[in-house]
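S.K.: show me the folded form of this:
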Amino acid sequence: MKYFIFRNNTIEPFFGEGAALSGYGDISLVPAEAEAFVWFYQVPFNADNAQLAAEVRTFADQFELVLERIGKDRNILAFTLEDLFPLRLADSDSAVSEAVVGFNAKLIAFAERNSNIKIVDFREFTSRYAVEQLVDWKYFFIAQMQLNPKLAREFKVWFGRKEEEIRLKRKKCLTLDLDNTLWGGILGEDGIEGIKVGGNYPGKAFRLWQEELLELSRNGVILAVCSKNNENDVLDAWEKNPFMVLRRDNFSAFEINWDDKATNLQKLANELNIGLDSFVFVDDNPTERELIRQTLPMVAVPDFPVQPYGLPSFFKFLVDNYFRIYSITDEDRNKTAQYKANAERAKEQLKFVDFEDYLRSLQIRIDIIVADGFNKERIAQMTQKTNQFNLTTKRYADVDVQRMMDEEWSIYCISVRDKFGDNGITGTVFITPEVDGLVEIDELLLSCRILGKGIEAAFVQSVMNKLHSEGVKDVKATFVPTAKNAQVADFYDRMGFKLVSEKDGVKEYRLELAGKFDIKDYYTIQYK
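M.R.: Here you go, the predicted model:
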């Protein structure tokens, strides 16, 4: 089963297949076969507030008992407690609301001490509806269903997005038009002083919009520009308009010219080395939006607000639907600088005729780091997001990484930097514990932004050398094909592994560690 759900009322329509349910208020069963757990208690219906508050106060103790039995190797998605039908006979009676606040505070405290607890803020869903929509008494009396089953479809969509956030999955790049999108007015007609950003409305709406976009960038979303404009005019506006919040350095890439925007989006994808399915395209012009929808259907194209006062709500829509994740890593926060540095590397390469001279000039340093409590979340995030250089495309949560660490797997990640900047943690390998001199590479992946410089080979060769020094004799490995990883179909062949079998594109390999690999001397490699 995918989930086992602890509940105190009827919730079958909201989770569907793949979920098993406890009895009402029953915490006696904790199935060993459950992949993860959901805690979904809600405030019962009871006119006696003192009795109700006392019952609510027991929920935290019940949750703690469940937590102790589950352990730390499986995720628990814990819904906050909400009073769907609050009833007070006296305004001064706050016993129930205080009990609800107390439970939610304890839930957050549990999560701070246990990384496998993920808080799901149920108010985010319930706040969309009036009390009369949340509760349908007919269904409560017939089936003891507190939450209106008519909301089940909308709940499933919302909860599906919450699952993606917990898996740290989101779009990578927000690509923006400029005129009447990033600012009000048309730069070519109104001039640098005439475009609307800051000051009175509508300029103040565009300034707030830019401030929000800047915060999005600080939290790991790549910003890019795709605009029909004169590039020099835009560069001048970014430099000289005193009210501008977003300037040239806040964008990882831009295509500012008079070519069609579908072509320019493809150029941006190539420059940033990310898939078009990672893009969200924002443009005020419905014709341009339709062009992208028709020619590049993998790009997300939301409708832009007709009036500037709609921008705050539009920004919230972008965050809720494309960019929110459960937590932000240091690598997320450094995305803009990392992708800008990649552009500088591309320019540097043009100066060299010999590719090895170019690599030597970069002064590449590769730190190979053992998985630990500080980097396990980033390692899990990479398994969820990396598709192109990914040999088996297995998806792991941080609790899975912790379990493997406890089972003494060899899990390494790499942090790569050169003279242009630090790419942070951008690759990982999972290796099973050694048995009779044999280990297996369970997962191997690298971020696309560090590819093309031989780092992947140096990483694997260095790890193989370490295994050899530890007495490992043989290494098994597997390539599992997907729609996106064709570029690594022959990676193990290139690394000297012997193909043992192949069926339906799945390749099984073996490598005898008879000696050590010679690694190019222009990489500085250090274990940490």
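
S.K.: show me the shaky parts of the stretch 251-400 of the chain.
M.R.: 343 (pLDDT under 70).

S.K.: in it, mark out all the strands, start to finish.
M.R.: Listed in chain order, the strands of the stretch 251-400 of the chain (DSSP state E, counting those that start in this stretch) span residues 253-257, 279-282, 364-370.

S.K.: so which residues make contact with the last one?
M.R.: For strand 364-370, the surrounding residues in contact (CB atoms under 8 Å, 6 or more residues apart in numbering) are 375, 411-418, 425, 453, 455, 458-459, 462-463, 522-528. Backbone N, C-alpha and C define where each C-beta goes, glycine included.

S.K.: from those residues, which land in helices?
M.R.: I455, A458, F459, S462, V463 (DSSP state H).

S.K.: who does the nearest residue to the fourth one once chain neighbours are set aside form a beta bridge with?
M.R.: Spatially, and ignoring its direct neighbours in sequence, S462 is nearest to I525 (5.2 Å; CB to CB, 6 or more residues apart in numbering). For I525, the residues forming beta bridges with it (DSSP bridges) are I366.

S.K.: I525 contacts I519, correct?
M.R.: Yes: taking CB atoms under 8 Å as the definition, I525 is a contact partner of I519 at 6.8 Å.

S.K.: need the overlap of contacts for those two.
M.R.: The contact sets of I525 and I519 overlap at A458, S462 (CB under 8 Å, 6+ apart).

S.K.: from N114, how far off is E68?
M.R.: Relative to N114, E68 is positioned 10 Å away (CB to CB, to the nearest Å).

S.K.: so these two - more neighbours on which side?
M.R.: A count of neighbours by other CB atoms under 10 Å puts N114 above the other of E68 and N114, at 16 against 9.

S.K.: ok, now which ones touch the more buried one?
M.R.: By CB under 8 Å, 6+ apart, N114 lies in contact with L67, K72.

S.K.: next up, phi/psi of it, please.
M.R.: The phi and psi values for N114, taken as degrees, to the nearest 10, are phi -130, psi 110.

S.K.: retrieve the pLDDT associated with it.
M.R.: Predicted confidence (pLDDT) for N114: 91.

S.K.: helix or strand right after the longest helix along the chain?
M.R.: With secondary structure taken from DSSP H, the chain has its longest helix at helix 95-113. Next along the chain after helix 95-113, taking DSSP states H and E as the criterion, comes strand 117-120.

S.K.: for that next one, give me every contacting residue.
M.R.: With CB under 8 Å, 6+ apart, strand 117-120 has contacts from 67, 75-80, 107-108, 110-111, 159, 162, 166, 326.

S.K.: if you set the cut-off to 7 Å instead, what comes out?
M.R.: Residues outside strand 117-120 that contact it (CB atoms under 7 Å, 6 or more residues apart in numbering) are 75-80, 107-108, 110-111, 162, 166, 326.

S.K.: ok, of the residues you listed, which come out buried?
M.R.: With burial judged by 16 or more other CB atoms under 10 Å, the buried subset of the contacts of strand 117-120 is N75, I76, L77, A78, F79, T80, L107, F110, K162, I166, Y326.

S.K.: and those residues, which two are the farthest apart?
M.R.: Across the buried ones among the contacts of strand 117-120, the longest distance by CB to CB is 18.1 Å; it joins F110 and K162.

S.K.: what about T392, neighbour count?
M.R.: If you count neighbours by other CB under 10 Å, T392 ends up with 19.

S.K.: try E212
M.R.: By other CB under 10 Å, neighbour count at E212 equals 18.

S.K.: enumerate every residue touching it.
M.R.: The contact partners of E212, taken as CB under 7 Å, 6+ apart, are F315.

S.K.: need the buried ones among the contacts of strand 117-120 in JSON lines with secondary structure and distance to V472, can you?
M.R.: Converted to JSON lines, the buried ones among the contacts of strand 117-120 look like this (DSSP: H, G, I helix; E, B strand; the rest coil; distance: CB to CB, whole Å):
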{"residue": "N75", "secondary structure": "coil", "distance to V472": "32"}
{"residue": "I76", "secondary structure": "strand", "distance to V472": "36"}
{"residue": "L77", "secondary structure": "strand", "distance to V472": "38"}
{"residue": "A78", "secondary structure": "strand", "distance to V472": "41"}
{"residue": "F79", "secondary structure": "strand", "distance to V472": "45"}
{"residue": "T80", "secondary structure": "coil", "distance to V472": "47"}
{"residue": "L107", "secondary structure": "helix", "distance to V472": "44"}
{"residue": "F110", "secondary structure": "helix", "distance to V472": "40"}
{"residue": "K162", "secondary structure": "helix", "distance to V472": "41"}
{"residue": "I166", "secondary structure": "helix", "distance to V472": "35"}
{"residue": "Y326", "secondary structure": "coil", "distance to V472": "36"}
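
S.K.: would you list those in CSV and tack on distance to N232?
M.R.: Below are the buried ones among the contacts of strand 117-120 laid out as CSV (distance: CB to CB, whole Å):
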residue, distance to N232
N75, 52
I76, 55
L77, 51
A78, 54
F79, 53
T80, 52
L107, 55
F110, 56
K162, 45
I166, 45
Y326, 42
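
S.K.: domains of the chain?
M.R.: 3-166, 173-323, 345-527 (automatic domain parsing).

S.K.: for the ones in helices among the contacts of strand 364-370, give me TSV that also has pLDDT and neighbour count.
M.R.: Below are the ones in helices among the contacts of strand 364-370 laid out as TSV (pLDDT from 0 to 100; neighbours: other CB atoms under 10 Å):
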residue	pLDDT	neighbour count
I455	94	23
A458	96	21
F459	96	26
S462	96	21
V463	97	21
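
S.K.: and E124, how far from K138?
M.R.: Where K138 is concerned, E124 sits at a distance of 26 Å (CB to CB).

S.K.: before we move on, what about W183?
M.R.: Using CB to CB, we find W183 at a distance of 52 Å from K138.

S.K.: which of these two has more neighbours?
M.R.: The neighbour count for W183 versus K138, taken as other CB under 10 Å, is higher for W183 (27 against 10).

S.K.: in stretch 176-192, what's buried?
M.R.: Residues of stretch 176-192 classed as buried by neighbour count (16+ other CB under 10 Å): L176, D177, L178, D179, N180, T181, L182, W183, G184, G185, L187, I192.

S.K.: let me know the pLDDT of the third one.
M.R.: Spelled out, it's L178. L178 carries a pLDDT value of 97.

S.K.: once you drop chain neighbours, what's closest to D236?
M.R.: Distances taken as CB to CB, 6+ apart put I192 closest to D236, at 6.1 Å, once the chain neighbours are dropped.

S.K.: so the one you found belongs to a strand, correct?
M.R.: No: counting by DSSP: H, G, I helix; E, B strand; the rest coil, one finds I192 to be helix, located in no strand.

S.K.: quick check: it touching A237?
M.R.: Yes: with contacts counted by CB atoms under 7 Å, I192 reaches A237, the gap being 4.9 Å.

S.K.: from F459, how far off is W238?
M.R.: Distance of W238 to F459, given as CB to CB: 38 Å.

S.K.: before we move on, what about F355?
M.R.: 18 Å.

S.K.: dump the residue contacts of I166.
M.R.: I166 neighbours (CB under 7 Å, 6+ apart): L77, K118, Y326.

S.K.: do that again at 10 Å, thanks
M.R.: Residues near I166 by CB atoms under 10 Å, 6 or more residues apart in numbering: A36, N75, L77, K118, I119, V120, I325, Y326, S327, Q384, A397, D398.

S.K.: ditto for R113
M.R.: Contacts of R113 (CB under 10 Å, 6+ apart): L67.
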